[in-house]
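1. Model the following, please.
(chains A and B)
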Amino acid sequence: MASVHESLYFNPMMTNGVVHANVFGIKDWVSPYKISVLALLYEMTSSKITLPERRRLNKLILPLQQGPDLSLGQFLKTVEECCPKTAYAVKLRLHEMADGELKDMEYFFSTLPTPFTAFDSEAYKTSVVGLFMRHMLLAYNKLSFSQVYKLYKSLQHYYHSHYAKPTDGQVCVPTLAADDSDMDLTSTEDTVGDRADKEELDTPLHESELRCDNTPSRGPLSQKQAEYFLSRQAYLLKNDENKALRPAALQEELNNMLKFNPDFAEAHYLNYLNSMRVQDIFLSAHSLLHYFDRLILSSNEGKSNGDEGYGRSLRYAALNLASLHCRFGHYQQADLALQEAIRIAQESNDHVCLQHCLSWLYTLEHMKGSESTVLTQDSVKMAAHFCLPYLGSLDIQSLVQQGAMQGKAAHKLMDALKDTEILHWKHSLSELIEISLAQTTSIWRMYGKSTMALQQAQLLLNMSSLEPVNFGVHQNNTEAFAVALCHLAELHAEQGLYSATAEIFQHLKEQFPPHTQHSKLWMLCNLKIQFERHMNNRKYHLAEPLVKAMSALNKTEGLYRKAQVLKALNRSTEAYSILQQLQVHCEKTKCTEIIIRVMLSTAELHWESSSFSTALPLLLQALALARQHHLQSLASEGVLHLAFTQLMLGIPGQALTVLHEAMEPILAHGAVIDKGRAMLLAARCHMAVAGFRLKEQGHLGQHSAALAVDGLNEAESYFSRLSCKERLRDVHYLQAQLHRSLGQTAQSNKSAMNFRLLDQELQSPAPPVFMQL
Amino acid sequence: MKMAALCSEFGDLAQIKKQLISVISLCKERGVLHSAKWASELAFALDPLPKDNLPPEPAFTEEDAQDLDAFTLAKSYFDLKEYDRAAYFLKGCCSQKAYFLYMYSRYLSGEKKKDDETVDSLGPLEKGQVRNEALRELRVELSKKHTARELDGFTLYLYGVVLRKLDLLKEAVEVFVEAIQALPLHWGAWLELSNLITNIEMLKSLSLPDCWIKDFFMAHMYTELQMIKEALQKYQNLIEAGFSKSTYIISQIAVAYHNIRDIDQALALFNELREHDPYRIDNMDTFSNLLYVKCFVSLQSMKPELSYLAHNLVEIDKYRVETCCVIGNYYSLRSQHEKAALYFQRALKLNPRCLGAWTLMGHEYMEMKNTSAAIQAYRHAIEVNKRDYRAWYGLGQTYEILKMPFYCLYYYRKAHQLRPNDSRMLVALGESYEKLSQQVEAKKCYWRAYSVGDVEKMALLKLAKLHEQLNESDDAAQCYMLYIQDIFSCGEQLEHAEVSTALRYLGQYYFKSKLYDEASICAQRCCDYNDAREEGKALLRQISQVRDQVETPSADLFTPLSNINTPVRRVSPLNLISFTP
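-> This next block holds a predicted model:
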């Protein structure tokens, strides 16, 4: 189970999982584009428009108001798509102003409906439109004469450059023309791409919306527009990275923004997030520090928070630095930064910050691989005390994770999760709900209850987004989703549904491209599935290269798989030394799952040297450990091993009773291959029992033999579902033997023929059938 | 050989002077004032020419004659800063001279309007966007002429300036090089080029004309690129070649010395400069910085000098950036930091790109304990110039004051990157590491600081103390020893010197290692210092006691043994008598 906290860097624009960017005063100014929007709004309030057209225009208002300034051509095109009549009217009005005199513009502003008087219209002061108009009027009235004149000049330029472009614009305004063509190109391209993704985005609203955020805007953005842009990109970065601008484009956009307004500190923060995407430690550290240097200044300027606000940003600066180093795996540095944050927070009695630090301290300890339950418990208590539901339940989730690892009682864990769930829904902490579901999936998987895991994963994936504002994001690309999807893929692979698995991976690849943070999860998962498949088909030469890739992603896993390959290739000494090494390592890191697996593998090594009795204590130990940690699938695996050992030791009766215990969970929750193996083993036990008694009492032997035949048939069906030919060959061999000893020659011959066909196809000598589980 | 080379240079001096005189008149005609000033300064430093040797008036072409009236009219408008009017009357003139003035007045008109508009721009976000609207048109016209090869040296220079203002730096470099090749004597073009060169490789890759003025340029470039040794060598050569009276060279050398923190040399040069040129304002901010630093380094009060300088400059021109900086420094020295900050702010109003003022203002805010304002000021300085190590260092210090030793590491590291051989950053880094209990890194930093030549002589002491803390007594003793040597070898009495601490430790160390002779020398030395006197005496008593004990049993028998038992030391006993406190 992967750690679910990695993604939770502290974002100052975010409270309880919601991004709030508008923490500044309202600052906006009149630009020619804004005048066009005003003209549009004016037309909409004054003239008669049919209902569907009006609806489309209404949908257009918000993106137009919030988006970056468009060129007149783009603006008119967007409006035209909704209502050609209005577009023409707007154009006319602009023409009146641009080709007239300064007084025409002044007249336009004086005719605008005053939001304070127009009670019945849409432009009433509290409406979105009214607010916008008020801003504009206020900004306009504040302008000095020279500024008004300048505005008028720029309006003229704005209007004429739209018409001048086709004729001789190329020479006289080369940069402008180049920009426009550039914009058009990118916009069509991106719109098409996005449309293919989502069919319901057919309305002009979305098209225009997509265009605004996908086209790099060259001009300066007003504070509002910049905030809108930043908050939107930050949101997308957090929730659906693929929809955000590509790193390079975003960087360019931010540089542009910073060029026009170097004081816009939030852009530095977004820059930091963006650099994190591409794993650029240098730039991200630089931007982060720059942001906080700036923030210190701005929080000091707003006298309302006074010195307190200033100290606060210092603390969070140190905390963020810690998280940065943590993300890049510099644990020592992160530790130092965190200590610093804790110290200053303590000095200034900032409990909320301390609480954040504590959470991070836990995360850091966890990443360094040491035990930190006590820390987390403290953290939960503190969070409860300071009424921080987000942190509190986050900590509970970590506790649950640790508890699951340490083999705490399942019902306690589930209870804890249920309690936090109530909290989440109450505070609508959607992020935590997702994590919680993913965690439940993981826990069920760990316990070996595949049905429950499947159900939880489906629940998460089918849940619609709970975010108050989702910018057309359907599914977040958070770690929770990645985890759930990986589990889903593994579950499908277990059932032999490889095409479904491939589809899931295709989706994962699209949602979490290889350069992104969570891509490692699915990569490892994919490798594991492939590896298992090759191992089951005994294509060791194909499995071997995968080991290297796995080691790169996860060292422990890679080592374990390496041991498996070596074991399969009969290089027992090497395999044994690796397994020993692994066991020591895992006992240190308390990785129970791997420990049990290592024990089982070691036992298998003992089988190969035919020392079955030495394998027994190991297997019993593994079984006890699995039971203690409620790891049902591993426990069943252990039972299988135990039964096999007993069979080999010549006590098939005992083996059958032991096997009986594991049969039920395996058939209910196990993978297809496990089912097949269990059935095969049971059949072999029955055969052994029958073979033992056949000489004395024919009747009982007959019964066992019949059971064996059934078992073999069932195993055959399982293996053929996986098209696991090696194992099928074994089954056919046993079937042939059994039928012959029962005197059923026809069936015996048929099985023998099947065996012969497969043997020819495989062209490899069958390993001694009795030596394998 | 060298003499011969020098002689030939001297022989050229008359030629150089001639060239200078002609270029001065060219520049003046076109209103390129700063270059004219530079050339005139240089010409003034050379001996006057006899009457018949003066350069002839530049040839008067037909076109010039045609445009004479319009040009004269426009030039007078131009001189009165009525640029649009000048441009209007120059329209249609075909002579090179008139064309340059036409374009130049259009450019300046745009610049002037830009400055005016910055005051009332439409919105707060637009302030970065206000730009010279004329630039684009100028570029289009000039590039047409450029491809047609119709531009002379001055117009090429103007084209380069336009390109630079449009942030087309690569093209700008090419055009400036072209301009220089067309008219090597135009210093303005060289100066513009120097602003665009970022490293020595780039400098080497340019193909510049082999003219005497190139030496000036190279020397200037070396100073800019912090290659002070080479720069000083170049300037020395120029002085030897006969430019010894040039105030420009003297000031440049002084600045170079300032950059390598050779305060006394620089001060002497500046004093000399002020004697020659008492009304000079250029570079006086550097001079005041030097006076300021001098106060702290040598405890010698330079207040009267600084105050005199400030008064003098105010009398000359109080609305100059340099004047404001000098006054700021003056107030800072008098610990009137609010006023100092005010004056730095004024300097910034006069020229927002004045880097030094931002940094100095940061220092003032630091003094006033207004850390957030200091951070702001330093950040601004960095935004103007990313390579300003003082601002990075200042930011580091600010965060250190805020007790964030880890946080400030980043800034100190940045500063260290920019000045790898400056011990102050290394000591600061070491201190931060020490606070974070990263002793290994701290030790490395201190040792490196000592190795690159410690200015403040603190690194060794800190290193020794660190070793002492870690119980690495051998290393500690060695460091103390080096420290004592270092302190005494530099001759000056330093305020913060902790020789007594070192001696005290060394005394104890030798005593523990049973080297009683050395121990007693150290103890005796200890007695020279007030704070260590008692301990010194106590140690002496201890030593004599131990010696008595050792000597009472038969000395012959134990001496060889005790020699064997002496712990193996890396420190050789030092002859402390050679020290002269």
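
2. If I look at residue 161, what pLDDT would I see?
-> No chain in the question, so chain A it is. As predicted, A:Ser161 sits at a pLDDT of 81.

3. switch to chain B, that's the one I care about
-> Confidence at B:Val161, expressed as pLDDT, is 90.

4. What is the three-state secondary structure of it?
-> With DSSP: H, G, I helix; E, B strand; the rest coil as the basis, B:Val161 sits in helix.

5. Neighbours of the nearest residue to it once chain neighbours are set aside, how many?
-> Counting by C-beta to C-beta, 6 or more residues apart in numbering or on different chains, B:Glu192 is the residue found nearest to B:Val161 once chain neighbours are left out, at 6.3 Å. From N, CA and C alone the C-beta is placed, and that goes for glycine too. Residues near B:Glu192, counting by other C-beta atoms under 10 Å in any protein chain shown, number 20.

6. B:Glu192: what's it in contact with?
-> B:Tyr157, B:Gly160, B:Val161, B:Arg164, B:Ala172, B:Phe176 (C-beta atoms under 8 Å, 6 or more residues apart in numbering or on different chains).

7. Looking at those, which is nearest B:Tyr292?
-> Ranked by distance to B:Tyr292 (C-beta to C-beta), these are led by B:Arg164 at 33.6 Å.

8. Now do the closest one against A:His290, distance only.
-> The spacing between B:Arg164 and A:His290, counted by C-beta to C-beta, to the nearest Å, is 26 Å.

9. quick one: B:Leu54 and B:Ser22 touch, right?
-> No - judged on C-beta atoms under 8 Å, B:Leu54 makes no contact with B:Ser22 at a distance of 9.4 Å.

10. Of those two, which one has the most company?
-> Counting neighbours by other C-beta under 10 Å for B:Leu54 and for B:Ser22 shows that B:Ser22 has the greater number, 17 against 13.

11. now the more buried one, nearest residue through space, not along the chain?
-> Setting aside the residues directly before and after it, B:Ser22 is nearest to B:Pro55 in space (C-beta to C-beta, 6+ apart), at 4.6 Å.

12. Figure out the helix or strand that the one you found lives in.
-> Applying DSSP states H and E as the criterion places B:Pro55 outside every helix and strand.

13. Compute the distance between it and B:Leu26, please.
-> Distance from B:Pro55 to B:Leu26, counting by C-beta to C-beta: 11 Å.

14. So which of these two has more stuff around it?
-> Between B:Pro55 and B:Leu26, counted using other C-beta under 10 Å, B:Leu26 has the larger neighbour count: 20 against 15.

15. show me what contacts the more buried one?
-> B:Pro58, B:Phe154.

16. Need the three-state assignment for A:Leu712.
-> A:Leu712 - assigned by three-state DSSP - is helix.

17. hang on, I meant B:Gly453
-> Secondary structure assignment for B:Gly453 (three-state DSSP): coil.

18. Can you report how many residues neighbour it?
-> As a burial measure, B:Gly453 scores 10 neighbours (other C-beta under 10 Å).

19. Tell me the spatial nearest neighbour of it, not counting adjacent residues.
-> Nearest to B:Gly453 is B:Ser423, by C-beta to C-beta, 6+ apart, at 6.3 Å.

20. Make sure that neighbour is actually in contact with B:Trp447.
-> No - in this structure, B:Ser423 is not within contact of B:Trp447 by C-beta under 8 Å, at 10.9 Å.

21. Identify the contacts common to these two.
-> The contact sets of B:Ser423 and B:Trp447 overlap at B:Ala459 (C-beta under 8 Å, 6+ apart).

22. When these two are compared, which one has more neighbours?
-> The residue with more neighbours, out of B:Ser423 and B:Trp447, is B:Ser423; 23 against 16, by other C-beta under 10 Å.
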